[in-house]
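Student: When you get a sec, could you give me coordinates for this:
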Amino acid sequence: SEAVLANAKLNKPFIKQTVLDLVQESSTSATQSAIVVSAGPSLHRTDSVQRIAKSGYGGTVICADGALGHCFRNGLIPDYVVTLDPHPTRIVRWFGDPELADHDGDEYFQRQDLDPYLAENELARNNELIQLVNQHGPSIKAIVCTSASQSVTRRCLDSGMQIYWWNPMVDDPDKPGS
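Tutor: Numbers count the residues shown, from 1 in each chain. Okay, the predicted model is just below:
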């Protein structure tokens with residue numbers, strides 16, 4: 001898509017480390033296990049994040065961007081957060097959007113079920129998330145797709161996250177053999 005390529009060009013100056021650097025780092029780590037936390041309704045129904053946090057789990061925790069706030073609010077600080085969606089204004093909300101008040105009329109977070117907590121009193125919840133990301137950002141490695149929007153890139157950098165980049169494979173479903 002055009003947004004994917006445009007974002008990749010805009011992100012190019014920020015690409016200092018790639019996921020290959022993570023592979024080299026992790027090969028020297030003693031961690032032998034990992035848990036991946038994704039967003040969605042079951043995350044809230046099962047209390048899985050709370051159980052992981054209380055268990056004292058010592059392995060690696062990887063979360064999808066949409067699960068980041070839920071993890072923070074329940075005492076689980078992930079080692080990694082993964083993001084890829086190129087949307088220019090929505091995805092940064094998972095990291096706390098410093099410009100949220102400027103985005104009029106987008107009801108996405110009122111309609112979605114990935115983290116319903118963010119739908120009520122949106123500005124207050126957003127400010128809370130900004131504080132949590134700023135507090136924990138320096139200890140989290142962001143695995144960011146080159147297609148990510150500039151708002152996500154800036155937010156990760158501003159919060160102190162180390163960014164490790166990867167490129168998506170993009171095909172055209174309308175072209176045979178793509």
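Student: residue nearest the centroid of this protein?
Tutor: Closest to where the C-alpha atoms of the chain average out (C-alpha atoms, centre = their mean) is Asp65, at 2.5 Å.
Student: What is the end-to-end distance of stretch 88-98?
Tutor: Stretch 88-98 stretches 13 Å from its first residue to its last (C-alpha to C-alpha, to the nearest Å).
Student: So which residues make contact with it?
Tutor: Here stretch 88-98 makes contact (C-beta atoms under 8 Å, 6 or more residues apart in numbering) with 3, 65-66, 68-69, 83, 85, 100, 103, 106, 108-109, 115, 118, 126-134, 148-152, 155-156, 158-159. For glycine as for every other residue, the C-beta is placed from the backbone atoms N, C-alpha and C.
Student: lowest-pLDDT helix or strand in this protein?
Tutor: One helix or strand of the chain scores below all others by mean pLDDT, DSSP states H and E: helix 108-111, with a mean of 79.
Student: what about the protein, any weak spots by pLDDT?
Tutor: Within the chain, the set of residues satisfying pLDDT under 70 comprises 26-31.
Student: What ranges does it have for its strands?
Tutor: Secondary structure of the chain (DSSP state E): strands at 34-37, 60-64, 80-83, 141-145, 162-166.
Student: can you pull the buried residues of the last one?
Tutor: The one in question is strand 162-166. Across strand 162-166, burial judged by 16 or more other C-beta atoms under 10 Å covers 162-165.
Student: from those residues, which two are the most distant?
Tutor: Gln162 and Trp165 (10.9 Å; C-beta to C-beta).
Student: about what we covered before: of the contacts of stretch 88-98, select the buried ones using a ChimeraX command.
Tutor: Here is the ChimeraX selection string for the buried members of the contacts of stretch 88-98, based on 16+ other C-beta under 10 Å:
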select :65,66,68,69,83,85,100,109,115,118,126,128,129,130,132,133,148,149,151,152,155,156,159
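Student: circling back to that earlier point, gap between the residue nearest to the centre of the chain and Ser55?
Tutor: According to C-beta to C-beta, to the nearest Å, Asp65 and Ser55 sit 23 Å apart.
Student: got it, and Pro98?
Tutor: With C-beta to C-beta as the criterion, Pro98 and Ser55 are 34 Å apart.
Student: okay, these two: which has more neighbours?
Tutor: Pro98 (15 against 10; other C-beta atoms under 10 Å).
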